[in-house]
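In: missing the sequence, but the structure's below:
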């Protein structure tokens with residue numbers, strides 16, 4: 001793991017409003033920072049009853065983010 005590359009996970013809600021309707025739903029933000037600057041942010045929705053595909057999407061994003069923390073060879 002490289003000291004200048006950091007991955008953070010945050011529980012966040014997204015709010016969407018359109019016309020008369022407004023929705024708010026939870027998710028996990030996967031944030032990649034290099035030397036304190038955000039270089040990538042991916043948000044994965046998390047429902048009340050996550051599906052296998054939801055789980056696999058989150059695993060793929062986490063795997064890519066943690067591999068990214070390794071220094072280039």
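Out: Here it is on my side, so go on. Treat the numbers as computed from the prediction; the structure is a model and nothing was measured.

In: centroid residue for the chain?
Out: Closest to where the C-alpha atoms of the chain average out (Cα atoms, centre = their mean) is residue 30, at 2.5 Å.

In: So what does it look like in phi/psi?
Out: Backbone torsions of residue 30, given as degrees, to the nearest 10, read phi -110, psi 110.

In: Same question for residue 60.
Out: Dihedral pair for residue 60: phi -60, psi -40, per degrees, to the nearest 10.

In: Repeat that for residue 62.
Out: Dihedral pair for residue 62: phi -60, psi -40, per degrees, to the nearest 10.

In: Just the pLDDT for it.
Out: Confidence at residue 62, expressed as pLDDT, is 90.

In: Could you do residue 25 as well?
Out: 86.

In: what sits opposite it in the beta ladder?
Out: Legend: beta-bridge partners of residue 25 under DSSP bridges are residue 14.

In: separation between the residue of the chain most remote from its centre and residue 45?
Out: Farthest-out residue of the chain from its mean C-alpha position, per Cα atoms, centre = their mean: residue 20, at 28.7 Å. Distance, residue 20 to residue 45, using Cβ to Cβ, to the nearest Å: 22 Å. (Each C-beta comes from the backbone N, C-alpha and C, glycine too.)

In: three-state assignment of residue 48?
Out: Put simply, residue 48 is coil when judged by DSSP: H, G, I helix; E, B strand; the rest coil.

In: Pull the contacting residues for the residue nearest to the centre of the chain.
Out: In this structure, residue 30 makes contact with 7, 8, 9, 41, 42, 43, 44, 61, 62, 65, judged by Cβ atoms under 8 Å, 6 or more residues apart in numbering.

In: can you do 7 Å?
Out: With contacts defined as Cβ atoms under 7 Å, 6 or more residues apart in numbering, residue 30 is in contact with 7, 9, 42, 61, 62, 65.

In: From these, which land in helices?
Out: Here DSSP state H is the test, and the contacts of residue 30 give 61, 62, 65 as lying in helices.
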